[in-house]
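Enquirer: Build me a model from this:
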Amino acid sequence: MVETAGWHTGGVMGASGRLDERTVLRLGIGLAAGFMLAALVAFATPAVSQGHWAGIHLSLAGAALVAVGAFLPHFRVTLAGTRPEPAPLRLAGILSLAAGAALVVSGVLASLVALTVAGALAIWIGLAITAWTAFRPGHAPLARRHPIVSLAYGAALLEVAAGISLPILLVLGWDPVVADWTRFKVTHAWLNLFGFVSLTIVATLVYLYPTILGARIVMRPSLPVLVVGSVAGPPLVALGAALRADALAVVGGLVALAGALALVVYASDTWRRRGRWTTDADWHRAAIFPASAAMGWYLLAITATVGGLIADGVAPVGWRLGAVALPLVAGWVLQVLVGAWTHLLPAVAVSDPARRAGMRAMLGRASLPRLAAWNGGVLLAWLGLQSGILPLTLAGVAAFSVAVVASVALLARALLSRPTAPAG
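Expert: Predicted coordinates for the structure are as follows:
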């Protein structure tokens, strides 16, 4: 099973007094959740977020970067069945990503170019460490080979390294980017959101989704389609936008759409083969249902965006907030993040059985109300933005925000729970 393979590599900090992989995973999850809350604060404070965009966008980018920095090496090493790289190096990668994201947020909001560039450099360093800690253990002689994961994760890291460079060139005032930022903004979005973040999630769900459902990982015809579509589609759109080639961008969008459809087919087949849980029903629901719903939002976001590409090419008119950001970020990225930490925290991030049981109970609380508030809120806000009905939008945002705060609060309580003292 994915949640346990390859994890017998050390004690838990506090029990052994050493920094270990489990502790690093807990810290990464906590930092990612902190960036999620920062995004909500930015949304509620227009003066901070510069018109409800810069602060929100950059905080959410920080959450995604830190989450990928924590999860990507974990899944890569677990699937390879080898020992992870030293925990201090893993922690350095996560902290570099978190510090870099914080510096970029601060630099952009304060209009300090040097601070923004320093943050970008820290992010690139964090990405390099993440790549090393993810791929180096896979070269061990007895490591299991997973070419699908290697291809997807490698492509994702290259995409974000390139995608980050574009806004930095904009901040530095490089004329070709400044003069045509509306075009390069599409390239940036497809490399980062549809490429780096979504590709990492898709590759992870190939293995994580059957695990949380208690189903075997089975090769199906949908699997090659979802991999090829998710790997090849976003770079084609990004290249089409950079070259002003609308036809190439549309082809890339359709390839990405095929990948999203194949992901839903793959998930549906896995759902039919799911296990039947007899314990911790709330915890299982809290992990399974968000991941399941998120894939529907991803398909909706891709469909809406490809529709914009077909209708308008790579022009900004095809990039409305309601059509893209809400389903893609709130419905897809953040919801998968919550489902992943709900499963992983008690499954692999602690070793004490009693503490694991307590975490499962805590993270499973109000699973169905939170699911309804999260997805109902995203739907209402999306419909409100599409129709221009402000009260509907605000009601949706309020419901979604309550679900986010509740999920982060439960996570914080689980992270701060104490290990059970040894008997005697």
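Enquirer: quick one: average pLDDT of stretch 21-30?
Expert: For stretch 21-30, mean pLDDT rounds to 92.
Enquirer: Show me what it is in contact with.
Expert: The contact list for stretch 21-30 (Cβ atoms under 8 Å, 6 or more residues apart in numbering) reads 7, 9-10, 12-13, 66-67, 69-71, 74, 84, 87, 90-91, 94, 341, 344-345, 348-351, 411-412, 415. No exception for glycine: its C-beta is placed from N, CA and C like everyone else's.
Enquirer: Can you report how many residues lie near the nearest residue to residue 220 once chain neighbours are set aside?
Expert: Spatially, and ignoring its direct neighbours in sequence, residue 220 is nearest to residue 269 (5.7 Å; Cβ to Cβ, 6 or more residues apart in numbering). Here the number of neighbours of residue 269 (other Cβ atoms under 10 Å) works out to 16.
Enquirer: Go through the helix or strand encompassing residue 269 and flag the buried ones.
Expert: Here residue 269, judged by DSSP states H and E, is contained in helix 246-272. The neighbour-count check on helix 246-272 (16 or more other Cβ atoms under 10 Å) flags 246, 248-267, 269-270 as buried.
Enquirer: hmm, back to that, just the buried residues of the contacts of stretch 21-30.
Expert: When the contacts of stretch 21-30 are checked against 16+ other Cβ under 10 Å, the ones flagged as buried are 7, 10, 12-13, 66-67, 69-71, 74, 84, 87, 90-91, 94, 341, 344-345, 348-351, 411, 415.
Enquirer: ranges for the helices of the stretch 151-300 of the chain?
Expert: Per DSSP state H, counting those that start in this stretch, the stretch 151-300 of the chain carries helices over the ranges 175-179, 181-189, 198-213, 222-242, 246-272, 281-312.
Enquirer: among the ones you listed, which is the most enclosed?
Expert: Most buried of these by mean neighbour count (mean count of other Cβ atoms under 10 Å) is helix 198-213; its value is a mean of 24.
Enquirer: now for it, which elements pack on it?
Expert: Secondary-structure packing of helix 198-213 (3 or more Cβ pairs under 8 Å, 6 or more residues apart in numbering; DSSP states H and E): helix 46-80, helix 147-171, helix 222-242, helix 246-272, helix 281-312, helix 334-348.
Enquirer: picking that back up, would you list the helices of the stretch 151-300 of the chain in CSV and tack on mean pLDDT?
Expert: CSV is the format used below for the helices of the stretch 151-300 of the chain (pLDDT from 0 to 100):
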stretch, mean pLDDT
helix 175-179, 90
helix 181-189, 87
helix 198-213, 93
helix 222-242, 94
helix 246-272, 96
helix 281-312, 93
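Enquirer: Can I get these in TSV including distance to residue 387?
Expert: TSV is the format used below for the helices of the stretch 151-300 of the chain (distance: least, Cβ to Cβ, whole Å):
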stretch	distance to residue 387
helix 175-179	35
helix 181-189	24
helix 198-213	27
helix 222-242	27
helix 246-272	24
helix 281-312	15
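Enquirer: Of all these, which one comes closest to residue 355?
Expert: With Cβ to Cβ, the closest approach to residue 355 among these belongs to helix 281-312: 13.7 Å.
Enquirer: low-confidence ranges in the stretch 1-150 of the chain?
Expert: 1-18, 46-53, 142 (pLDDT under 70).
Enquirer: Show the residue spans covered by the helices in it.
Expert: Using DSSP H, counting those that start in this stretch, helices in the stretch 1-150 of the chain cover 21-44, 46-80, 87-109, 113-135, 147-171.
Enquirer: Just send the ones you listed back as JSON lines, with distance to residue 181 too.
Expert: Shown next, in JSON lines, are the helices of the stretch 1-150 of the chain (distance: least, Cβ to Cβ, whole Å):
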{"stretch": "helix 21-44", "distance to residue 181": "22"}
{"stretch": "helix 46-80", "distance to residue 181": "14"}
{"stretch": "helix 87-109", "distance to residue 181": "14"}
{"stretch": "helix 113-135", "distance to residue 181": "15"}
{"stretch": "helix 147-171", "distance to residue 181": "6"}
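Enquirer: so which of those helices gets nearest residue 315?
Expert: Of the helices of the stretch 1-150 of the chain, nearest to residue 315 by Cβ to Cβ is helix 147-171, at 17.6 Å.
Enquirer: give me the number of residues near residue 330?
Expert: Residue 330 - counted by other Cβ under 10 Å - has 27 other residues nearby.
Enquirer: ok, now how distant is it from residue 196?
Expert: Distance of residue 330 to residue 196, computed by Cβ to Cβ, to the nearest Å: 18 Å.
Enquirer: swap in residue 110?
Expert: In terms of Cβ to Cβ, residue 110 sits 26 Å off from residue 196.
Enquirer: quick one: which of the two has more around it?
Expert: residue 196 (27 against 10).
Enquirer: list the contacts for the more buried one?
Expert: So residue 196 contacts 64, 68, 156-157, 159-160, 163 (Cβ under 8 Å, 6+ apart).
Enquirer: 10 Å instead, please
Expert: Contacts for residue 196 were tallied using Cβ atoms under 10 Å, 6 or more residues apart in numbering; they are 61, 64-65, 68, 127, 155-164, 190, 234.
Enquirer: Ok, residue 40 next?
Expert: Residue 40 touches 56, 59-60, 397, 400-401, 404-405, 408, counting by Cβ under 10 Å, 6+ apart.
Enquirer: same question, residue 356
Expert: By Cβ under 10 Å, 6+ apart, the contact list for residue 356 reads 280, 345-350, 420.
Enquirer: 8 Å instead, please
Expert: With Cβ under 8 Å, 6+ apart, residue 356 has these contacts: 346-347, 350.
Enquirer: Please tell me how far the nearest residue to residue 330 once chain neighbours are set aside sits from residue 387.
Expert: Nearest-residue entry for residue 330: residue 378, 4.9 Å, with adjacent residues in sequence omitted and distances by Cβ to Cβ, 6+ apart. Counting by Cβ to Cβ, the gap from residue 378 to residue 387 is 15 Å.
Enquirer: Would you mind telling me which of those two has the busier surroundings?
Expert: Per other Cβ under 10 Å, whichever of residue 378 and residue 387 has more neighbours is residue 378, with 26 against 11.
Enquirer: just checking, that one touches residue 294?
Expert: No: counting by Cβ atoms under 8 Å, residue 378 does not reach residue 294; the two are 10.1 Å apart.
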